[in-house]
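Peer 1: this one's sequence-less:
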């Protein structure tokens, strides 16, 4: 039988594992004990998931996850886990997407709780236990067994406290999950959607260890597309969640652009003398960029917000000049291909975010281009809530999707830069303690890019 090249590492690892400790029938290693081959860190730092003494060691910083290299539908998964401090928190995500849900560090999917007993030191909580809950997260759905709602509680308390090891056996089949804790089935969930996707290990604030991960695939029950996770194939992370590796912080910024806890945070007070925006070190040409963002607060009453018409022109007053209306405002943007002019706007104007201000207001641009740089729908969530941009740049044509709605169906922009870095815009300044322009009081997270290679 021919062995495909991508299966060779798995075959070798099976042979090594079997020689030392024969596997149950049909099982193969899910972790080879030496490195993270077969796994993909998604939104974490290089040292969040490491390997030591045959274990996956999770630092807990930042919050995030590492997923399997490929999707699974029906399976039996076994593993041992150990928390290194009382009250430690982690989890196994089942049937998840390839990147996190909007505004979170975690995937849509079903979570198998890996929580130390010390988390409940002050008494049993009404809505969770520390003994093997199953529950849907971030848009996934399921039916709880044994109680109403979408969280299944274990029928018996069987998990051991830190630093003792615990054993999980998890069976997923046709959208049903069954969890055995230390040798006995205690929790069941049914009607899970998605029911095909990636399997992931969670980082959530404290050290947790996994070992003896093995898996057996069961026959497919042909999960339809609507019950299959989104793979986000080809996307890679541009942000580690803990530092600015791969980014150019403005010289003299003095800490106003901050990276920690999975976020990029900006207070609009950079002390840099020149360009105050944050740029990637690498240049890009054609790509789809995913960025989650939120305006923390609209701290500035902007007297000159404009009402923009579908053709890109602005509503005028009786004197024929553009009419400003006072509204709370904050302003930032995604800068494309090294150009401040070619930004996808983040702001509080009535037209909504996604507008390309520098293109729309360029008098040299054809009328159809200025109209196409104007959002056809306002799709912003409220100030303080998270939003997700999906921006595609392809040979000078820019398409913008905001929160699942297409706001720019596609605008071919004359003179669009062929290549350049991607930036997050500084906007606004202070004088004598007062804002003189709408500030960039923003946060960013879940920054992923898929480079495109048109013929």
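Peer 2: Done, it's in. Predicted model only: the values in this text are computed from it and were never measured.
Peer 1: distance check, the residue positioned nearest the centre of the chain against residue 150.
Peer 2: Note on the chain: the residue nearest the mean C-alpha position is residue 100, at 3.0 Å, using C-alpha atoms, centre = their mean. Residue 100 sits 20 Å away from residue 150, going by C-beta to C-beta, to the nearest Å. C-beta coordinates here come from the backbone N, C-alpha and C atoms, glycine included.
Peer 1: quick one on the thing from earlier: grab the nearest non-local neighbour of the residue nearest to the centre of the chain.
Peer 2: For residue 100, ignoring the flanking residues on the chain, the nearest one in space by C-beta to C-beta, 6 or more residues apart in numbering is residue 446 at 5.2 Å.
Peer 1: and residue 251, how far is that from residue 437?
Peer 2: Residue 251 sits 22 Å away from residue 437 when distances are taken as C-beta to C-beta.
Peer 1: ok, those two, which is more surrounded?
Peer 2: It is residue 437, of residue 251 and residue 437, that has more neighbours when counted by other C-beta atoms under 10 Å, with 16 against 10.
Peer 1: I'd guessed the more buried one sits against residue 428; true?
Peer 2: Yes: the criterion here is C-beta atoms under 8 Å, and residue 437 meets it with residue 428 at 4.2 Å.
Peer 1: quick check: domain ranges of this structure?
Peer 2: Segmentation of the chain into domains, based on automatic domain parsing, reads 5-231, 237-451.
Peer 1: and these as CSV, adding mean pLDDT?
Peer 2: As requested, the domains of the chain are arranged in CSV below (pLDDT from 0 to 100):
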stretch, mean pLDDT
domain 5-231, 91
domain 237-451, 95
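Peer 1: hey, where'd the helices end up in the stretch 201-350 of the chain?
Peer 2: In order along the chain, the stretch 201-350 of the chain carries no helices (DSSP state H, counting those that start in this stretch).
Peer 1: identify the residues contacting residue 144.
Peer 2: If a contact means C-beta atoms under 8 Å, 6 or more residues apart in numbering, then residue 144 has 134-135, 150-153, 189 as its contacts.
Peer 1: show me what it is bridged to.
Peer 2: Applying DSSP bridges to residue 144 gives these bridge partners: residue 189.
Peer 1: state the distance from it to residue 133.
Peer 2: For residue 144, the distance to residue 133 - C-beta to C-beta - is 9 Å.
Peer 1: which neighbours do these two share?
Peer 2: Common contacts of residue 144 and residue 133 (C-beta under 8 Å, 6+ apart): 151-153.
Peer 1: take these and keep only those in strands.
Peer 2: Assigned to strands by DSSP state E, the following of those qualify: 151-152.
Peer 1: which of the shared contacts of residue 144 and residue 133 has the largest number of neighbours?
Peer 2: Each of the shared contacts of residue 144 and residue 133 was scored by neighbour count (other C-beta under 10 Å); the top score is that of residue 152, with 27 neighbours.
Peer 1: that one bridge partners, please.
Peer 2: Each beta-bridge partner of residue 152 is listed here, defined by DSSP bridges: residue 134.
Peer 1: identify the residues contacting residue 350.
Peer 2: Contact partners of residue 350, counting by C-beta under 8 Å, 6+ apart, are 305, 307-308, 327, 378.
Peer 1: return the members of those residues classed as buried.
Peer 2: By neighbour count, with 16 or more other C-beta atoms under 10 Å, the contacts of residue 350 hold 305, 308, 327 as buried.
Peer 1: could I get those as CSV with distance to residue 113?
Peer 2: Rendered in CSV, the data for the buried ones among the contacts of residue 350 read as follows (distance: C-beta to C-beta, whole Å):
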residue, distance to residue 113
305, 46
308, 48
327, 44
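Peer 1: going by distance to residue 394, which of the residues you listed wins?
Peer 2: When the buried ones among the contacts of residue 350 are compared for distance to residue 394 (C-beta to C-beta), residue 308 wins out at 25.1 Å.
Peer 1: and that closest one, how far is that from residue 320?
Peer 2: Taken as C-beta to C-beta, the span from residue 308 to residue 320 is 17 Å.
Peer 1: what about the strands in the stretch 301-450 of the chain?
Peer 2: All strands of the stretch 301-450 of the chain, identified by DSSP state E, counting those that start in this stretch, fall at 324-329, 331-336, 339-347, 387-394, 397-402, 405-412, 423-424, 430-431, 434-435, 442-451.
Peer 1: which residue ranges of the stretch 101-250 of the chain form strands?
Peer 2: Counting by DSSP E, counting those that start in this stretch, the stretch 101-250 of the chain has strands at residues 109-115, 134-137, 141-144, 151-152, 166-173, 176-181, 184-193, 198-203, 208-217, 236-237, 247-248.
Peer 1: can you redo the ones you listed as CSV with distance to residue 70?
Peer 2: Written out in CSV, the entries for the strands of the stretch 101-250 of the chain read as follows (distance: least, C-beta to C-beta, whole Å):
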stretch, distance to residue 70
strand 109-115, 15
strand 134-137, 21
strand 141-144, 23
strand 151-152, 27
strand 166-173, 15
strand 176-181, 19
strand 184-193, 19
strand 198-203, 8
strand 208-217, 11
strand 236-237, 16
strand 247-248, 30
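Peer 1: how about those strands, which one is nearest residue 56?
Peer 2: When these are ranked by proximity to residue 56, the top entry is strand 208-217, at 4.4 Å, counting by C-beta to C-beta.
Peer 1: mind listing what the residue nearest to the centre of the chain touches?
Peer 2: For residue 100, the contacting residues are 42-43, 64-65, 106-107, 138, 446, taking C-beta under 8 Å, 6+ apart as the criterion.
Peer 1: check residue 267 too.
Peer 2: 256, 439, 441.
Peer 1: same question, residue 324
Peer 2: When contacts are counted by C-beta under 8 Å, 6+ apart, residue 324 is found next to 302-306.
Peer 1: kindly recompute the last result at 7 Å.
Peer 2: Under the criterion of C-beta atoms under 7 Å, 6 or more residues apart in numbering, the neighbours of residue 324 are 303-306.
Peer 1: name the residues linked to it by a beta bridge.
Peer 2: As for beta bridges, residue 324 partners with residue 306 under DSSP bridges.
Peer 1: can you tell me how far it is from residue 311?
Peer 2: Counting by C-beta to C-beta, the separation of residue 324 from residue 311 is 19 Å.
Peer 1: what do you get for residue 349?
Peer 2: Plainly put, residue 349 is 16 Å away from residue 311 if you go by C-beta to C-beta.
Peer 1: what is the burial count for residue 395?
Peer 2: Burial of residue 395 is recorded as 11 neighbouring residues (other C-beta under 10 Å).
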